[in-house]
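1. Everything below, folded, please.
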Amino acid sequence: MSAKLRIAGTILLLAALTGLILLIARPGLNSAGAHPLKLVAAAWLVFCCAAWLVRGASVRLAVGLILAGGIALQVVALAGPPQNSSDLYRYIWDGRVQAAGIDPYLYAPGDAGVAGLRNTFLWTADQPGHDGYPDCVPTQSDSAAPSNGLVTGCSKLNRPKVPTVYPPVAEAYFLAIQEAAPADNSTTPVQAAAAGFAVLVTVLLLFGLWKLGKDPRLAVLWAWCPTVPLEAGQNGHVDVVGVALTLAALLLLAQARSKGARSKGRVITGGVLLGLAIATKVTPVLVLPSVLRRGWALISASALTAISLVYVPHVLAVGQKIIGFFPGYLRQEGYSTGSGYSVIGLFVGGKAATAVAALLLGAIALAIYRYCDPSQPWRGGVLMTSAALAVCTPHFQWYAILLVMLVALDGRPEWLAIAAGGYLANSPGLQIHGVMLHDPRLMGYGGGAAVACMLAIARYLITRRASGAEPESATVPAALNAALPSGSAASLASAGPAAESVLEPTAIFPRPVKSPQESTADAGAR
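-> Numbering: from 1, shown residues only. So this is what the prediction gives:
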């Protein structure tokens, strides 16, 4: 395919992807009445084709397309209110509470202590669940709620009878949005903030990949992935803030190779950023096993210090209430009772399922810590995050947004199958040809993990076959050099036949380039 034809195809596919995201964000425009899951599936298919085509464009042109396309997708995604999540309304409420000088962990939204902060955008007095205000206080099961300090009303917030579940950095983010653009009657400020962080991640990826000597075109795996505009620009999830902090931490820690003061400073800063990411949303803890070999004591101390500092003011204000709804969330999602593990549930149930899940994830984390290359922490991060999603099978597809960023750094797009499966997992009552899916989470995350593993094995076998075909004394050929990340071919050539026994499946999409500042020795060290 000629370069001009490839670029034209990329632009057309990007336009089609933008249109599909708009249809999802604005259901009123969907005159054909297509099921949202079909639109999401179509968006994923178009994304795969567009990402494959853009790899053939020059780096400069591709970078422009990736950035412009990522911004366009975020803009159309925030064209309508959130469609499949009410988390954003809780963000707005927590911001309002803090702006009024009240600690967000002190009261549940339905408590009398914050009843004066209610407005008609978030609350209505109608009973029972008014259209658009589905969660009510009290419900039929707690008619004595007013005597327990709850004030009657229905809300757009989820779980109005329990305190917040979000960590302190997330709460600071909600307050910052409220102070900058009070969201008294609109979801747009929160959506725009999340979209801005998604674009920031794209910029960091473009710069970071180039700095690492990797192909900056890999950023397309984040910028155009449907999960990113749908869960950032449309649903406004705070997870994207944690992803940005995690990315900054990984870029610093990956380059902290020497023992000098500069390297030590990078390790400390990276640990602090990772701690702040964990204090935004717990999921970034999954990348810890892949970075601890940079200096487990220094990273752990830095991360724990950062986490402690942001928690201390709230602990002083509310004491034990700082725990919030987190234990209740674990029970509600079935993680503490053992009912939430759809894949493990095929073999064992109850508390035993929780124990098996802990053992599996612990063993995987230990193996990643032992064998992961700390100069490529995203590789272990991809495996750890994929394993956590496959084992825990959450209802919520936005939990996979961290995986999307890690895949963009690593360059192995097959693992995005797990992120795509999240949309199936969050489709209760789904019927295919009249047959009801008993457990969409099993089909979504279990099926996505199976597809990802099969593609990863195929990649491994192809790479082994290509490397095994070379004579021991031969130089790595141009074809294999194009299939390996920058520096890997040099390492393989210098290592000789012994390297073949440890050759991992590597990033073959898109073709990598090497930073002009990087020497051959630096490339081999990676």
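2. Report the contact partners of residue 276.
-> 169, 245, 306, 307, 310 (CB atoms under 8 Å, 6 or more residues apart in numbering). For every residue, glycine as well, the C-beta is placed using N, CA and C.
3. isn't there a helix covering it?
-> Yes - secondary structure of residue 276 (DSSP: H, G, I helix; E, B strand; the rest coil): part of a helix.
4. That one and residue 282, how far apart?
-> 12 Å (CB to CB, to the nearest Å).
5. Quick check: which ranges of the stretch 301-450 of the chain have low pLDDT?
-> 429-437 (pLDDT under 70).
6. Run through the strands of it in chain order.
-> Listed in chain order, the strands of the stretch 301-450 of the chain (DSSP state E, counting those that start in this stretch) span 431-432, 435-436.
7. what about the spatially closest residue to residue 185 that is not a sequence neighbour, which SS state?
-> Residue nearest to residue 185 in three dimensions, not counting chain neighbours: residue 121, with 4.5 Å by CB to CB, 6 or more residues apart in numbering. Here residue 121 is coil, with the state taken from three-state DSSP.
8. How confident was the prediction at residue 121?
-> pLDDT for residue 121: 91.
9. How about residue 497?
-> 34.
10. And residue 488, by the same measure?
-> 40.
11. can you check residue 469 too?
-> 60.
12. Among the contacts of residue 276, name the ones in helices.
-> If you go by DSSP state H, these have 169, 245, 306, 307, 310 in helices.
13. Residue 289 contacts residue 377, doesn't it?
-> No - counting by CB atoms under 8 Å, residue 289 stays clear of residue 377, with 9.0 Å between them.
14. who has more neighbours, these two?
-> Between residue 289 and residue 377, residue 377 has the larger neighbour count (other CB atoms under 10 Å), namely 29 against 24.
15. for the closest residue to that one other than its chain neighbours, what are its contacts?
-> Spatial nearest neighbour of residue 377, excluding adjacent residues (CB to CB, 6+ apart): residue 290 at 4.1 Å. Counting by CB under 8 Å, 6+ apart, residue 290 touches 368, 369, 372, 374, 377, 378, 379, 380, 381, 384.
16. I'd like these as a markdown table, with distance to residue 406 appended.
-> A markdown table is the format used below for the contacts of residue 290 (distance: CB to CB, whole Å):
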| residue | distance to residue 406 |
| --- | --- |
| 368 | 12 |
| 369 | 16 |
| 372 | 12 |
| 374 | 15 |
| 377 | 9 |
| 378 | 5 |
| 379 | 8 |
| 380 | 9 |
| 381 | 4 |
| 384 | 9 |
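17. right, and the pair among these with maximum separation?
-> Farthest-apart pair in the contacts of residue 290 is 369 and 378; separation 14.9 Å (CB to CB).
18. These two: which has the busier surroundings?
-> Using other CB under 10 Å as the criterion, residue 369 and residue 378 rank with residue 378 on top: 27 against 18.
19. was I right about that one contacting residue 250?
-> Yes - at 6.1 Å, residue 378 and residue 250 qualify as touching, with contact defined as CB under 8 Å.
20. what do those two both touch?
-> Common neighbours of residue 378 and residue 250 (CB under 8 Å, 6+ apart) are 287, 409.
21. roughly how far apart are the closest residue to residue 106 other than its chain neighbours and residue 168?
-> Leaving aside its chain neighbours, residue 106 sits nearest to residue 318 (5.1 Å; criterion: CB to CB, 6+ apart). Separation of residue 318 from residue 168 (CB to CB): 11 Å.
22. and those two? which has more neighbours close in?
-> A count of neighbours by other CB under 10 Å puts residue 168 above the other of residue 318 and residue 168, at 21 against 17.
23. show me the contacts for the more buried one.
-> 279, 310, 311, 313, 314.
24. Show the pLDDT at it.
-> Residue 168 is assigned 96 on the pLDDT scale.
25. try the one 10 residues further on
-> As predicted, residue 178 sits at a pLDDT of 94.
26. Noted, bye for now.
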